[in-house]
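[1] Give me a 3D structure for the following:
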Amino acid sequence: MRGALRLAVLLVSVWALVACQTVLVPLDQQQGLSEGDLEAAEGRLIRVAVCWPAEPLMASLVDAYSATAPRASFELLPTSSAEARSLVLSGQADLAVVARVDDDTLSLESDPSLTARQLAFDPLVIVVHPELPLGDISREQLQALYGGYYLDWSELSQGEGRPEFLMREAGSVPHNVWQDVIMDQAEVSTAALVVPYDSGIVSYVGSHPQAIGYVSLGHVDDTVRVLALDGIQPLPDNVRSGDYPLRIALVMLLSPTASSEAGRLMSFCLGSGGRQVLGERYGMDW
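    Below you'll find the predicted structure:
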């Protein structure tokens, strides 16, 4: 009798233990959780396709926003403007930052499925090696230089040595702006070195004393020196007014399938938080 009692007590204890256990079900298998609930619980990877000129600026904006969204993670996909737009249209990226020629900013984006907002005007600056004794250059001199008519820096009374001039690839927005503003559609010499991204131009010019090139201001570091164009520095007021003529527009594109977190990132970039980052990177509120 006592043995049967002990067995009954044991069975009751085991039943109670099993009944109190919690069964863990993966979030995506739980019933009753909305997509928004899952996103909040698991966090979300936001993919941002960014054109080469905007890469350092967007990296700074994402870093600043991340402090307000600790559960979200971000991946920057640096590429050309055309590819960045393609990635966001296909849903492979949530956001894109693309470069546009100034005249294109009124329409911003022809595809109605994308939300398009202008982020900033970004100056294209002319950079040289710090040892090159050149502080200012004119459009006429640049056109002749890139046309292959100067064979030595001494012809510009600026040191000695054969100039090396770098340019962006044909079809890119920086290339199109350069052709329109500086070359006036004149032919560029076949001696020009074509580099398809800004950081590559900075790296080359910073290590070659006879080199000159043009890049987004956001890529400039202390390995190169920025020149004035026709005596005008690429300062924010000069860029906004158009007195400094080399500039591109940076436009944000939001995918129609993007998460709410991607929309919040876009709002941050276009709001006061983004303005602060722009001011820190470019030296003044843009």
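
[2] CA atoms for contacts and neighbours, from now on please.
    OK.

[3] what domains does the record give for the chain?
    42-122+248-282, 123-247 (automatic domain parsing).

[4] The strand ranked longest in the chain pairs with which strands?
    Counting by DSSP state E, the longest strand found in the chain is strand 115-128. Using DSSP bridges, the strands paired with strand 115-128 in its sheet are strand 211-216 (antiparallel), strand 225-226 (antiparallel), strand 247-254 (antiparallel).

[5] For Gln143, find the nearest of those.
    strand 211-216 (12.6 Å; C-alpha to C-alpha).

[6] So which of the strands paired with strand 115-128 is nearest Gly159?
    Of all the strands paired with strand 115-128, strand 211-216 sits nearest to Gly159, with 12.2 Å by C-alpha to C-alpha.

[7] With mean pLDDT added, can I get the domains of the chain in CSV?
    Converted to CSV, those look like this (pLDDT from 0 to 100):
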stretch, mean pLDDT
domain 42-122+248-282, 89
domain 123-247, 94
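
[8] can you redo the strands paired with strand 115-128 as a markdown table with mean neighbour count and distance to Tyr197?
    Formatted as a markdown table, the strands paired with strand 115-128 follow (neighbours: other C-alpha atoms under 10 Å; distance: least, C-alpha to C-alpha, whole Å):
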| stretch | mean neighbour count | distance to Tyr197 |
| --- | --- | --- |
| strand 211-216 | 26 | 8 |
| strand 225-226 | 22 | 18 |
| strand 247-254 | 25 | 15 |
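
[9] Dump these into a markdown table; add distance to Gln185 as well.
    As requested, those are arranged in a markdown table below (distance: least, C-alpha to C-alpha, whole Å):
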| stretch | distance to Gln185 |
| --- | --- |
| strand 211-216 | 17 |
| strand 225-226 | 24 |
| strand 247-254 | 17 |
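
[10] Among these, which comes closest to Glu155?
    Across the strands paired with strand 115-128, closest to Glu155 is strand 211-216 (C-alpha to C-alpha), at 15.1 Å.

[11] Can you give the distance of the closest one from its chain's centre?
    Centre-to-centre, strand 211-216 and its host chain are 18 Å apart (C-alpha atoms, centre = their mean, to the nearest Å).

[12] Extract the C-alpha trace of that strand and format it as CSV.
    What follows is strand 211-216 as a C-alpha-only set of coordinates in CSV (Å, rounded to 0.1, in the frame of the first residue of the first chain):
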residue,chain,number,x,y,z
ALA,A,211,48.5,64.2,-60.4
ILE,A,212,45.3,66.1,-60.5
GLY,A,213,41.7,64.9,-60.4
TYR,A,214,38.1,65.7,-59.2
VAL,A,215,36.1,64.0,-56.5
SER,A,216,33.2,64.5,-54.2
